[in-house]
Structure formats: structure tokens, C-alpha cells
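pasting a predicted model and its sequence here:
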Amino acid sequence: MFPLGVGRWQPVLRRPLNAEQTENSDDTSSPEDELEDEAFLRAERAPLESQPQRTPFPGGPSNTNNNTHQKKKLKGSITIASQNMRGALQETHIDDRILNSIEQLFDRHLHIINSNDPERPASKGVAFIINKRLLRWQEMETTEIIPGGALLLKVPWRGGENDNITILGIYAPNPPTENAAFWEDLKKHWQRKRLTHPDIMLGDFNVVEDSADRHPPHEDAAQSVENLQTLKSFFHVQDGWRRTYPDQLEYTYMQGTSHSRIDRIYTREKTYKYSCNWQIHLTPMRNADHDIISMQLLNPTSPKQGRGRWAIPPFMLDNELFINKIANLGLEMQTRIEGIANPDIQREYKKLKDDILKLA
């Protein structure tokens, strides 16, 4: 499960997979927590064998305090990801009843914001899946731009009252004529409503700008590409993955011998500056036919953290041979000091510490 997700209705539910998440836990488990954790495990798919640049998506809820009565602290970074998902959930009419049942099952972890096409609710839609433990989800604002096609989310970020990040989730139509009209309609909507330009635009675009993003390579419909690029220029956004890997060929959608990178994340320059870890992951979902695209967004106001101070491993203090050698080094220093009329105690002490560290 990723903190922010966009695509054709895609609840990717994963348990924590890294030590940093579990070490920072300050939650106390309860029978209700254990039951919910079991539900997460039942929903998880065993990760596929990793390949270069295509590792299983490592998302998962972070075990931080979820006390809604306190102001939630913003993280130093968040992972933003997108996946197009088909299968049982996508083929079922996703109504409020089903959404409510899912949110009740994972209430402590997930907040789901869904937008369906009223004419084709079972085959077209876009959703955000929020990790409640990482973000101030109750303060978020959403705007449905095109039902089932474009959903705008404003996320509290960087700590200030007006310091938010705006994300536009996209599921574009597949037919070239509809695809071309979709980008034109989005631009007209922004001009008419005078909305804030998104910092991030992501999702399934169903069109590529460069023939290299298809295999076998071929150009997409010219009008669709032109209208998308016009919208990009209007929003001042760029393809972050392509900018990071200008010569690399990777794909997010594979159907037989045909491959394409139709799932992308676009960012503004100021957002790209604080992004890292741009990746395409193998999907952990059984019924998904698209892989996951993701990037990590850093909070520029977070204090810089260095590597920390090196320390002697605690188990060395139980090593009798090591302790005896330290004692001998101390006695040697004491002997040197006694033989000098005006010893430089600070220099001698520093030399002793350096010798002990080398010994360790």
C-alpha cells in the first residue's frame, strides 16, 4: 500500500517491509489491530522475483502514532505512486457500499477517495489511496474535475498553513479522438475555473510522447500527443522518470509482444528538485495488468540529517581482550604524560581515543 496512489481503482495493500518503519513504531497492539493485520496479510501478494530496476513495490503503512486528537507530524518524505488496476474490483460496480466496507476493514490505515464515470462506473475511474499514518488526511481537499477521469487532491505539506502540494490523478480515454479531447477539456476547465496548477500530474495517460516508450516503437496519434504537450506546457510539468533516465527503456504495460510506458508521473520543476528514487516496480497485485510507477518526495523544510556519530559496538565492551588493550593504551598515555614537563593533555587524550577507535 502506498501513501498516495492513483490509477483505475487500485487498493494495493501491503504490510511494512523495512526495518526503519518497524523500529519507529510506538503503537501498542490490540486484538483489533491483530485482526486488521491479518486482513492486510491476506490481501498481500508474495513479491515477484526482482529484476534490475523493476523491484517489487516496497510500500506499507508506517507504524506511527495515529492519535487523531493530536496534530500529526509531517514526515521528512512521502512516496507517491500510481498504478492502473483491472480485475475483480474493476469489473464490479464500485458503489458507496463497497467503498464503505473497504474503508471499514482498513479504517486505521487507509482513506480512499474515488471518482467513477457515471456512464461506465465498472470500467472507468480514478482513486487516491491515502496512508492515514503518514499524512494529515482529514485536512486534504479534493476536487472532481472529470468524473472517472481527473481528480485533484490538495495535500498538507511542508508544515505551513498554505504550504500544500497539489496532485492531479489521471485516467485518460484510450480511443485517440477521445484522448485528444480529454487534454483539451482539462486545459479549458483550468482556464475557466482558474484553478491552482498541479505540482504533480500522474496516472494512466493511454498515450506516449516518444516512440521509444513503445515496443515495437511507433508514433501515437499526433493530435493526442500535441494536446497533451500543450497541457504540459500550460501546467509547466515534465516527465520525471524520463528526465532521470533519459536513455533507459522501461515499460509499465505489457500485452503480448506489445509494451508501453503509458503510466507516468509529471512534476513541476520545484517539485522535481526535491524528488528522488524514481522507479518502475513489479506490481504485487494478482489482477493488475500495469506495473507501479513511484517516486519519493522530500520535505525541503526538514533538517538535514548526517550519517551520525560512529560508536563502538556494545558487544565489544564484553570482550576481555579488547578491554585489556584499552587499559594498556591508557597506561601508556599516563606514562608519556608523566615524562613530559608541560604535556598537552588534550592532544594526548585525542590520540588515546583515536587509538581505541582503530583498535575497535
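That came through, no problem. Numbering: from 1, shown residues only.

contact partners of stretch 208-216?
Applying C-beta atoms under 8 Å, 6 or more residues apart in numbering, the contact partners of stretch 208-216 are 217-220, 225, 228-229, 239, 242, 249, 251, 257-262. C-beta: built from backbone N, CA, C; applies to glycine.

make it 6 Å
For stretch 208-216, contacts defined as C-beta atoms under 6 Å, 6 or more residues apart in numbering pick out Pro217, His218, Glu219, Asp220, Val225, His259, Ser260, Arg261.

in helices, which of those residues fall?
Using DSSP state H, the members of these that fall in helices are Val225.

scan the contacts of stretch 208-216 and report the most crowded one.
Taking other C-beta atoms under 10 Å as the neighbour criterion, Arg261 ranks highest of the contacts of stretch 208-216 with 24 neighbours.

just the pLDDT at that one, thanks.
Per-residue pLDDT puts Arg261 at 95.

what values do phi and psi take at it?
Backbone torsions for Arg261, taken as degrees, to the nearest 10, come to phi -110, psi 70.

number of nearby residues for the nearest residue to it once chain neighbours are set aside?
Once flanking residues are discounted, Arg261 sits nearest to Asp213: 4.1 Å by C-beta to C-beta, 6 or more residues apart in numbering. Neighbour count of Asp213, defined by other C-beta under 10 Å: 22.

state the distance from Asp213 to Pro175.
19 Å (C-beta to C-beta, to the nearest Å).

how about low-confidence regions in the protein?
Applying pLDDT under 70 to the chain picks out residues 1-76, 85-99, 102-103, 107, 121-122, 158-162, 287.

now do the residue nearest to Arg261 against Gln346, distance only.
In terms of C-beta to C-beta, Asp213 sits 62 Å off from Gln346.

Ile145 now?
Counting by C-beta to C-beta, the separation of Ile145 from Gln346 is 66 Å.

and these two? Which one has more around it.
A count of neighbours by other C-beta under 10 Å puts Ile145 above the other of Ile145 and Gln346, at 20 against 8.

so that one lies in a strand, does it not?
Yes: membership of Ile145 in a strand is supported by DSSP: H, G, I helix; E, B strand; the rest coil.

now the helices for this structure?
Using DSSP H, the helices found in the chain span residues 19-23, 31-43, 88-91, 96-105, 176-193, 222-235, 240-244, 269-272, 320-338, 345-359.

can you put the ones you listed in JSON lines and add distance to Ala127?
Below are the helices of the chain laid out as JSON lines (distance: least, C-beta to C-beta, whole Å):
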{"stretch": "helix 19-23", "distance to Ala127": "24"}
{"stretch": "helix 31-43", "distance to Ala127": "16"}
{"stretch": "helix 88-91", "distance to Ala127": "10"}
{"stretch": "helix 96-105", "distance to Ala127": "9"}
{"stretch": "helix 176-193", "distance to Ala127": "18"}
{"stretch": "helix 222-235", "distance to Ala127": "21"}
{"stretch": "helix 240-244", "distance to Ala127": "21"}
{"stretch": "helix 269-272", "distance to Ala127": "22"}
{"stretch": "helix 320-338", "distance to Ala127": "57"}
{"stretch": "helix 345-359", "distance to Ala127": "53"}
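
among the ones you listed, which is nearest Ser82?
helix 240-244 (10.9 Å; C-beta to C-beta).

for the closest one, the distance to its chain's centre please.
When distances are taken as C-alpha atoms, centre = their mean, to the nearest Å, helix 240-244 is centred 16 Å away from the chain's centroid.

brilliant, that's me finished.
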